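Chemist: I'd like to go over a predicted model; first the sequence, then the structure.
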Amino acid sequence: MLLTLSQTGPQAESISFLLHKHPANLHVVELPFGNATVFYTETTDEKFTVQLLLAIDPVELVRGAQQLEQYVNDRPYVASSYLTVAMGRVFGTAMAGNCKKRPELVDTKLPLTVVVEVIRSLGGEQVLHKLFEPLGYKVSVTRHSLDEKFPEWGESPYFRLALEANATVRDTLTHLYVLMPVLDDQKHYYVGDAEVEKLLSRGEGWLNTHPERQLIVSRYLKRRVSLMDQAFARLLSDEVEDTDAAESQAEQSGIAEKELERPLTLHTQRINLVATRLKELGAKTVLDLGCGEGRLIRRLLADRTFERIQGVDVSHRALEVAASRLKLESMPARQRERLTLLQGSLLYRDHRLAGFDAAAVVEVIEHLDQPRLLAFERVLFEFARPTHIVITTPNREYNVLFPTLLPGKMRHGDHRFEWTRQEFEGWAFRVAERFSYTVRFEPVGPVDALHGAPSQMAIFVLGEGGAA
């Protein structure tokens with residue numbers, strides 16, 4: 001696979017200082033899966049062109065446990081995470097923004113051209129434009145054709161990508177480093193917490209405002225929801241008021257959970273019960289935390305008792321769906337004045353969450369692991385501190401009564417836990433005591449004599465502390 005980087009115009013040799021690669025030398029680096037070679041093909045007064053050639057041993061990929069099962073594959077020929085690893089090795093200093101000999105060049109925008117000879121783009125040519133054009137690049141794409149003898153192979157997913165921009169070498173290399181695996185939608189190494197740090201570090205200054213950040217984060221972290229949650233929460237924390245974070249919920253798992261509960265119409269029962277209790281508590285202003293697509297909001301809007309409703313979710317896409325389903329744009333003005341939809345993390349203190357009579361947290365806490373649950377407790381009970389809080393969560397004891405749920409499995413692929421009634425009550429009592437609330441409990445859905453109800457509700461009231 002071949003990556004070409006050119007600088008044109010006066011002082012075209014600047015690129016050699018920034019890359020720390022002398023034009024007269026051949027630079028070879030051995031990697032676990034092959035060799036990376038850096039060399040110059042053009043060194044004139046008006047143009048310097050440097051190329052990174054990565055030669056991969058396909059046999060070594062399999063023998064080295066590089067997550068491939070066949071010797072014949074496209075990895076030696078397609079820009080992918082293998083190429084980004086090579087870039088990190090040979091251009092790491094440039095990507096870090098270090099240049100001792102010419103430090104003034106680091107932040108200088110230069111006329112650059114980049115060519116990636118073969119890249120696999122999941123989603124086709126359109127995705128290439130959507131990822132690079134918002135970063136200021138002129139994008140030229142040529143599709144590589146497949147063998148005409150095999151029309152059943154369909155349209156080729158491989159492209160030649162050319163980019164032009166006045167940009168810093170550091171930014172250009174960083175953009176390629178992050179976006180090439182996103183386009184390829186594969187990684188040859190384990191994706192864990194370290195990848196979140198790498199993404200946020202390499203994406204600093206541009207990822208948070210990129211219109212396709214949801215796609216970038218999702219693919220870069222291999223759709224691992226726990227890692228996406230970390231990334232989105234960190235992005236949101238930088239500018240809570242107006243950030244536009246990306247999708248962080250496991251949609252397919254959510255669909256599976258709804259199908260599981262559909263025979264019981266449990267979700268409808270849950271929403272109606274929460275709305276009824278909020279009305280009985282005398283709440284006029286309600287905060288719906290983790291509002292998702294707005295089902296509880298729709299129910300509350302139908303009751304004029306609730307004068308002000310604010311939905312909050314970390315997912316920009318979920319809020320867009322909520323706005324569409326609630327017909328926000330065509331909603332009558334008086335109705336519209338009662339509703340606010342906000343994007344925000346539930347893990348960080350946010351002044352916009354304060355001043356409400358009640359908060360509803362419907363099937364949310366089970367998506368938080370222990371450190372995030374502790375942070376959420378402070379955000380809700382200490383800082384937002386509404387007079388009333390209604391929280392629902394699944395009852396694990398009831399899972400045995402779902403005929404399609406395998407033993408030991410949870411209802412939703414993103415659930416970090418599902419509590420028994422005793423575990424939920426123990427948690428609620430501790431939180432109530434710590435933050436001076438009283439708490440009582442109520443089943444949600446049909447009650448089984450042995451296993452209880454499918455969902456469970458805790459109703460907190462700000463008071464002297466303890467349990468009611």
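Modeler: Yep, it's here. Please read these numbers as outputs of a predicted model, since none were measured by experiment.

Chemist: same for the helix or strand that contains Ala162, what does it pack against?
Modeler: According to DSSP states H and E, Ala162 maps onto strand 158-167. Strand 158-167 is packed against strand 110-120, helix 125-132, strand 138-143, with contacts defined by 3 or more CB pairs under 8 Å, 6 or more residues apart in numbering; DSSP states H and E. Where C-beta positions appear, they are placed from N, C-alpha and C, glycine not excepted.

Chemist: Burial-wise, tell me which of those comes out on top.
Modeler: strand 110-120 (a mean of 19; mean count of other CB atoms under 10 Å).

Chemist: my guess is Asn35 meets Ala55, correct?
Modeler: Yes - Asn35 lies in contact with Ala55 (CB atoms under 8 Å); the separation is 5.1 Å.

Chemist: Please tell me how far the most centrally placed residue in the chain sits from Val196.
Modeler: In the chain, the residue lying closest to the centroid (CA atoms, centre = their mean) is Met228, at 3.7 Å. Going from Met228 to Val196 by CB to CB, to the nearest Å gives 9 Å.

Chemist: Can you check which residues contact both of these two?
Modeler: Leu221 (CB atoms under 8 Å, 6 or more residues apart in numbering).

Chemist: which residues does Gly463 contact?
Modeler: By CB under 8 Å, 6+ apart, the contact set of Gly463 is 436-438.

Chemist: How about the secondary structure of the residue nearest to the centre of the chain?
Modeler: Three-state assignment for Met228 (DSSP: H, G, I helix; E, B strand; the rest coil): helix.

Chemist: And it, what's its pLDDT?
Modeler: Predicted confidence (pLDDT) for Met228: 80.

Chemist: can I assume it is in contact with Val217?
Modeler: Yes - using CB under 8 Å, Met228 makes contact with Val217 at a distance of 5.8 Å.

Chemist: If we ignore the residues flanking it in sequence, what's nearest Asn395?
Modeler: Gln456 (4.8 Å; CB to CB, 6 or more residues apart in numbering).

Chemist: you'd agree the one you found is in a strand?
Modeler: Yes - under three-state DSSP, Gln456 sits within a strand.

Chemist: Might one say that it is in contact with Phe424?
Modeler: Yes - the pair Gln456 and Phe424 passes the contact test of CB under 8 Å, sitting 5.5 Å apart.

Chemist: So Gln7: helix, strand or coil?
Modeler: strand.

Chemist: quick check: domain ranges of this structure?
Modeler: Per automatic domain parsing, the structural domains of the chain span 2-189, 252-462.

Chemist: buried set for the helix or strand following the strand holding Ala162?
Modeler: Toward the C-terminus, strand 158-167 is succeeded by helix 169-184 as the next helix or strand (DSSP H and E). Neighbour-count burial for helix 169-184 flags 169-184 (criterion: 16 or more other CB atoms under 10 Å).

Chemist: Going by distance to Gly290, which of those wins?
Modeler: Set against Gly290, the nearest of the buried residues of helix 169-184 by CB to CB is Val182 (27.2 Å).

Chemist: element containing the closest residue to the closest one other than its chain neighbours, please.
Modeler: Distances taken as CB to CB, 6+ apart put Arg219 closest to Val182, at 4.5 Å, once the chain neighbours are dropped. Applying DSSP H and E as the criterion places Arg219 in helix 213-220.

Chemist: Pull the residues that contact that helix.
Modeler: 122, 127, 130-131, 178-179, 181-182, 185, 195, 199, 203, 207, 210, 228, 231-232, 235, 244-247, 316-317.

Chemist: By neighbour count, which bits of stretch 75-90 are buried? Give me those.
Modeler: Buried, per 16+ other CB under 10 Å, within stretch 75-90: 75-87, 90.

Chemist: could you dump that stretch to CSV, C-alpha only?
Modeler: This file holds the C-alpha atoms of stretch 75-90, laid out as CSV (Å, rounded to 0.1, in the frame of the first residue of the first chain):
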residue,chain,number,x,y,z
ARG,A,75,-4.8,-6.3,3.8
PRO,A,76,-1.5,-6.1,1.9
TYR,A,77,-3.0,-3.8,-0.7
VAL,A,78,-5.5,-1.6,1.1
ALA,A,79,-4.9,1.4,3.3
SER,A,80,-6.1,0.3,6.8
SER,A,81,-5.1,0.2,10.4
TYR,A,82,-1.8,-1.4,9.4
LEU,A,83,-0.9,1.7,7.5
THR,A,84,-1.8,3.9,10.5
VAL,A,85,0.5,1.9,12.7
ALA,A,86,3.2,2.4,10.2
MET,A,87,2.5,6.1,10.1
GLY,A,88,2.8,6.3,13.9
ARG,A,89,6.2,4.7,13.7
VAL,A,90,7.7,6.7,10.9
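
Chemist: and for that stretch, what are the contacting residues?
Modeler: 1, 3, 21, 27, 29, 31, 33-34, 36, 38, 52, 54-58, 61, 68, 95, 116-120, 158, 173, 176-177, 180-181, 183-184, 186-189.

Chemist: residue contacts, Gln230?
Modeler: So Gln230 contacts 193, 196 (CB under 8 Å, 6+ apart).

Chemist: circling back: quick one: which of the helices and strands packed on strand 158-167 is nearest Gln335?
Modeler: helix 125-132 (35.1 Å).

Chemist: next helix or strand past the lowest-mean-pLDDT helix or strand in the chain?
Modeler: Every helix and strand of the chain was ranked by mean pLDDT, DSSP states H and E. The lowest is helix 251-261, at a mean of 48. Of the helices and strands lying after helix 251-261 in sequence (DSSP H and E), the nearest is helix 266-280.

Chemist: Enumerate the beta-bridge partners assigned to Val362.
Modeler: Val362 forms beta bridges with Thr392, as assigned by DSSP bridges.

Chemist: check contacts around it.
Modeler: 270-271, 274, 288, 290, 296, 390-392.

Chemist: What separation do you get for the nearest residue to Lys109 once chain neighbours are set aside and Phe376?
Modeler: Spatial nearest neighbour of Lys109, excluding adjacent residues (CB to CB, 6+ apart): Asn166 at 4.6 Å. Using CB to CB, Asn166 is found at 44 Å from Phe376.

Chemist: Comparing the two, which shows the higher neighbour count?
Modeler: Per other CB atoms under 10 Å, whichever of Asn166 and Phe376 has more neighbours is Phe376, with 20 against 12.

Chemist: Quick one: mean pLDDT for whichever strand or helix holds the more buried one?
Modeler: Element membership for Phe376, per DSSP H and E: helix 370-377. Regarding helix 370-377, the rounded mean pLDDT is 90.

Chemist: picking up where we left off before, which neighbours do Gln456 and Phe424 share?
Modeler: Common contact partners of Gln456 and Phe424 (CB under 8 Å, 6+ apart): 393, 395, 441.

Chemist: ok, and the most crowded of those?
Modeler: Thr393 (25 neighbours).

Chemist: I'd like the distance from that residue to Glu212, if you could.
Modeler: Taken as CB to CB, the span from Thr393 to Glu212 is 33 Å.

Chemist: again with Val361
Modeler: 30 Å.

Chemist: Looking at these two, which has the bigger crowd around it?
Modeler: Val361 (22 against 19).

Chemist: And Val312, which helix or strand is it part of?
Modeler: strand 308-313.
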